[in-house]
Every structure is written in structure tokens, then in C-alpha cells.
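Asks: Fold the following for me, if possible:
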Amino acid sequence: MLKVKVKEGKGGIERALKEYKSKVIKTRQMRELQDRKEFKKKSVTKREAKNKAIYVQKKYRKED
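Replies: Sure thing, here's the model as predicted:
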């Protein structure tokens, strides 16, 4: 659970919302929720990870 302290004064709630949004992005919380929305078989997740690794390798080999 993410916690953000709201400080009184200039832009208290706005600043807290901005900080909360950045924490959500940094912790990849929304991505995790989207991934857990529906079940994926282990074979599917492994295949996606393998394809991503192949893509990254091709990308960096072209630069060399």
C-alpha cells in the first residue's frame, strides 16, 4: 500500500496527488493490476519472456 503525507500550505493536496502518481508509476502497480486481471498460463508467460529476450538481443546486435 502506498502512503503519501499531505502537507498543509501551498498546493498540499495537489502535491500529494502528484507524488502518489509518481509512486504508482515507479512501483509499476497499474501494470501488475492489468497483468492479474485475467489468468495466464505459465507457458504463455515464458513464451512472452523468451520473445522479449530475443527482441532485445536482436536490437542490440544490430547496433554493433
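Asks: Just the pLDDT at the residue of the chain most remote from its centre, thanks.
Replies: In the chain, counting by CA atoms, centre = their mean, residue 9 sits farthest out from the average C-alpha position, at 31.1 Å. We have a pLDDT of 80 for residue 9.
Asks: do the one 3 residues further on as well
Replies: In this prediction, residue 12 carries a pLDDT score of 86.
Asks: For it, which non-adjacent residue is spatially closest?
Replies: Nearest-residue entry for residue 12: residue 6, 5.3 Å, with adjacent residues in sequence omitted and distances by CB to CB, 6 or more residues apart in numbering. Where C-beta positions appear, they are placed from N, C-alpha and C, glycine not excepted.
Asks: so where does that neighbour fall, helix or strand?
Replies: Remark: residue 6 resides in no helix or strand, with elements defined by DSSP states H and E.
Asks: all helices of this protein, in order?
Replies: For the chain, helices defined by DSSP state H occupy the ranges 12-27, 29-36, 42-63.
Asks: can you tell me the average pLDDT over the last one?
Replies: Right, helix 42-63. 92.
Asks: buried ones in that helix?
Replies: Within helix 42-63, no residue counts as buried by 16 or more other CB atoms under 10 Å.
Asks: Could you tell me the angle between it and helix 29-36?
Replies: Here the directions of helix 42-63 and helix 29-36 differ by 130 degrees (axes from the mean of the first three to the mean of the last three CA atoms, to 10 degrees).
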